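Q: Show me how the following folds:
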Amino acid sequence: MLLAETVANVALRVPSLMLLDLLYKWDVSHFAEQIRARNEEMLLKYKYVLWNVYYLGHLLAMVVLVLPLQHLVKIYVYLLTGLLLYVGHQTCRDYVLREMESGYVGAVYLNLAALQRFASTLTGQLLVSILCTYFMRSKALWVFSAHLLPLLARLCMVPLGILLFLNKMSSIFTIFEVIYFLLCNLFVPFYLAKSAYREIVQDSELYGILGLGVALWNQFAVPALFTTFWLVLFAAELYFHLRSRSQSSASNEGLVFAFLTSMAGCCVTPFSMVGLTFAVSRLSLGLLALCKFYLQGYTGFLNGNLMHRGVTEGVTFLLLALQTDLINLHVHQRTFLLSIILFIIVASILQSMLEIADPIVQALGASRSRSVWKHFRAVTMCLFLLLFPSFMACKIAQFFEMDFWLLIIVSSSALTSLQVTGTLFIYGLFLAESLLREPFENLEDIIYYVNSGCRVLEFAVAVCVVAYGGLESLLGEWNWMGASVIIVHSYFNVWLRARAGWNSFLLRQEAAKKISALPRASPQQILDHSDVCAICYQVMKTAVVTFCGHYYHSSCLRRWLYVQKTCPMCHQLIRPPPPLPDRPQTPGEEAEGEGVAAATAGATDGQPEAEGPGVESDGSDPLGPKPLESPTPEPERPAADSGGTPSPEDGVPAGKEDPNGQEASLEPLGLSPGPLAENKMDARSSELVIASQERATFPDSGTPLDTGEPLPPSEREEGSGADPDLRAED
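A: Purely as a prediction, here's the structure:
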């Protein structure tokens, strides 16, 4: 939304809120009693008229308040046109009365005074007609020139008595014009309501109720509208209060009291209360933005926290105002209570300013920045947040009697000062580390203990405040609003803080366990490593070594483990996963293993140990002499990596496996087993294949995996497809 459109949207809706505020203040019954005191018959005549005006005013104000901007502009243009026509007729009537008082009945151009009166009045009337024509976007100038009729009659030297009659006739003609215009646009409100209902239904179906509410909120610029409305009320109230104070010589009120009294005078209706809520929120936003600008300059507005936009302060003010029934109190009671509520809002603003300043100050201390101006701004902001809350708490405890709300103010101020003290201490540690050549090894532990001490004190104070508030509610006057405030305070300031502290403790304990499981590097290892810590880029005197072989400071790695579980360099797990447990063998697998072992023992029993694949100790082949090679060239064999099955002509000896792990054929050696032997060989081969697959699936059972390399001779003999019994028969 453009700036001009926003300004127009706000400025044109403020009068509707002003009217609603005035109607809320208007006591119709009291006004009717005043009329009754003057005249009993007048009360009976105007009693129902007053109530009708009261409800009709509310209806018109609400309709104008929710109109779209383009129709709202038209409404104000029509009102301005009617006001100009009224001014034109009143000006002509005044001219006629002045002419009748002067008594000059001659031509106006023969008398200088009459000519001056006529010329000035005619100029004003022509300007009114031109403006009305422009606003209504009409080319018929005569339609808006009825008030010129008495001037034309005076120019024609019509008697003065008739001029007053002509002025009344021109007024009646203008009234008929207005009535005709209203009748022509009689059904426009109905069409507008129908169109608005259709758009609301469509938007609610597309975006939902929440999306529709956000769109209307932005379209009407609700925060800016109510803030402007309240500022106008406050300016008028302050002006009249100071004016009455200057007229009263016995008034010894201070400026602060006049300020608070004027604020209290602007909190008597729900509309003004909502306006003050948005004004407090906007003022808080301005102060927090000023704090960011003082600490970081224009870069402080790039990344803003949603909670640092004044919403917390505005909601807090509204809840406290509703809980204390602020709008129904007397003006002096309202002033006193409003001052206490504003103290609570100031304490909340100071806490938000600390939340903004704390990370900036600590980052500045750790950044080794040599900018004196940056350090000066950070230190002065911390000193302000340290001294001002303490001063405010002392003044409140001195002038007010302690109760639940004042205890909240004092405790919040004390906690702010305590947190600033911890921030300055950590900032000093960072500065000291940057000035020294050697970094502190246990700096992270010291910072953790300082922050933990502050959090424990905050938690203790929050518990005391909640306990005091609950005791006061039980023993004193209990209400739902007070109980809701205590519940909200318990959730945000007790439960969330306790949960955050416990989660931080658990993360630290888990990181400490992981660090303790890592080996410590010896001085010689650190010297051989000859590198800095990859996290803080500082020289290492002591270090821990991860399982992946990287060196870190233990404190640096602990901070890293708060958010990650992997090595900062290679992203492997800091703690390796435990080894898988050995799979217990079933009875069938055990029997099969024993059978394979027995078969292997029977095959190798009584034979000397082979020196090579298929060669005995004396150098002769146990299967007899090999057949003579054919003089014809051998067919081309498939490549080893092609995965093809070798043919029987490849000349692979029987009982062995080729490099691809497949059993060789026995036909080249002249060995052809019978049907029974073939069945035995197929059964044994299938059992061995299944066993080898199971061993490959469960590598923890002790059987080596098939890596594609040639096996030793003994294993080749054991894994062959030939049965030892069959070989003995042959």
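Q: Mind giving me the packing neighbours of the host helix or strand of Leu354?
A: Here Leu354, judged by DSSP states H and E, is contained in helix 331-366. On a contact count with 3 or more CB pairs under 8 Å, 6 or more residues apart in numbering; DSSP states H and E, helix 331-366 meets helix 255-265, helix 270-296, helix 311-323, helix 372-399, helix 404-435. Placement of C-beta: from N, CA and C, glycine included.
Q: Which residue ranges of the stretch 151-300 of the chain form helices?
A: Secondary structure of the stretch 151-300 of the chain (DSSP state H, counting those that start in this stretch): helices at 160-184, 188-220, 222-247, 255-265, 270-296.
Q: Of those, flag the one that's most buried.
A: Mean neighbour count (mean count of other CB atoms under 10 Å) peaks for helix 270-296 among the helices of the stretch 151-300 of the chain, with a mean of 20.
Q: number of nearby residues for Gly103?
A: Close neighbours of Gly103, defined as other CB atoms under 10 Å, add up to 7.
Q: How far away from the center of its chain is the helix holding Leu354?
A: In this view, helix 331-366 has its centroid 21 Å away from the chain centroid, taken as CA atoms, centre = their mean, to the nearest Å.
Q: I'd like to know the average pLDDT value across it.
A: Averaging pLDDT along helix 331-366 gives 87.
Q: Look at the residue nearest to Gly265 when sequence neighbours are not counted and report its pLDDT.
A: Among residues not flanking Gly265 along the chain, Glu237 sits closest, at 4.6 Å (CB to CB, 6 or more residues apart in numbering). Note on Glu237: pLDDT of 90.
Q: Can you give me the neighbour number for Thr421?
A: 14.
Q: in stretch 534-554, what's buried?
A: 534, 536, 540, 543-546, 550-554 (16 or more other CB atoms under 10 Å).
Q: Same check on stretch 317-324?
A: Buried, per 16+ other CB under 10 Å, within stretch 317-324: 317-321, 323-324.
Q: what do you get for stretch 458-466?
A: Quick answer for stretch 458-466 (16+ other CB under 10 Å): 458-459, 461-462, 465-466.
Q: for Val532, phi and psi?
A: Val532 adopts backbone torsions of phi -90, psi 170, taken as degrees, to the nearest 10.
Q: Bridge partners for it, pull those for me.
A: Beta-bridge partners for Val532, by DSSP bridges, are Val539.
Q: Is it in contact with Ala543, as I believe?
A: No. The pair Val532 and Ala543 fails to qualify as a contact (CB atoms under 8 Å) at a distance of 10.2 Å.
Q: Which of the buried residues of stretch 458-466 fall in helices?
A: 458-459, 461-462, 465-466 (DSSP state H).
Q: For the residue nearest to Gly265, give me its contacts.
A: Glu237 makes contact with 262, 265-266, according to CB atoms under 8 Å, 6 or more residues apart in numbering.
Q: now the residues you listed as a markdown table including distance to Ala512?
A: A markdown table is the format used below for the contacts of Glu237 (distance: CB to CB, whole Å):
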| residue | distance to Ala512 |
| --- | --- |
| Ser262 | 59 |
| Gly265 | 61 |
| Cys266 | 57 |
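Q: Out of those, which is nearest to Leu23?
A: Taking CB to CB as the measure, Leu23 lies nearest Cys266 of the contacts of Glu237, at 16.3 Å.
Q: Show the pLDDT at the closest one.
A: The model's pLDDT for Cys266 equals 89.
Q: before we move on, what about Ser473?
A: pLDDT recorded at Ser473 is 69.
Q: cool, Leu276 as well?
A: Here, the pLDDT recorded for Leu276 equals 93.
Q: For Gln564, identify the helix or strand it belongs to.
A: Here Gln564 is assigned to no helix or strand, by DSSP H and E.
Q: That one and Gln362: what is the separation?
A: The gap separating Gln564 from Gln362 is 21 Å, by CB to CB, to the nearest Å.
Q: which one of those two has more residues nearby?
A: Comparing Gln564 with Gln362 by neighbour count (other CB under 10 Å), the higher total belongs to Gln362, at 17 against 10.
Q: How about that one, nearest residue that isn't a chain neighbour?
A: Ile426 is the one closest to Gln362 (CB to CB, 6+ apart), at 5.7 Å.
Q: Neighbours of that neighbour, how many?
A: For Ile426, the count of nearby residues is 21 (other CB under 10 Å).
Q: I'd guessed it sits against Leu364; true?
A: No. Here Ile426 lies out of contact with Leu364, judged by CB under 8 Å, at a distance of 11.2 Å.
Q: quick one: Ser412 and Ser369, what's the gap?
A: For Ser412, the distance to Ser369 (CB to CB) stands at 31 Å.
Q: scratch that, Ser120
A: With CB to CB as the criterion, Ser120 and Ser369 are 71 Å apart.
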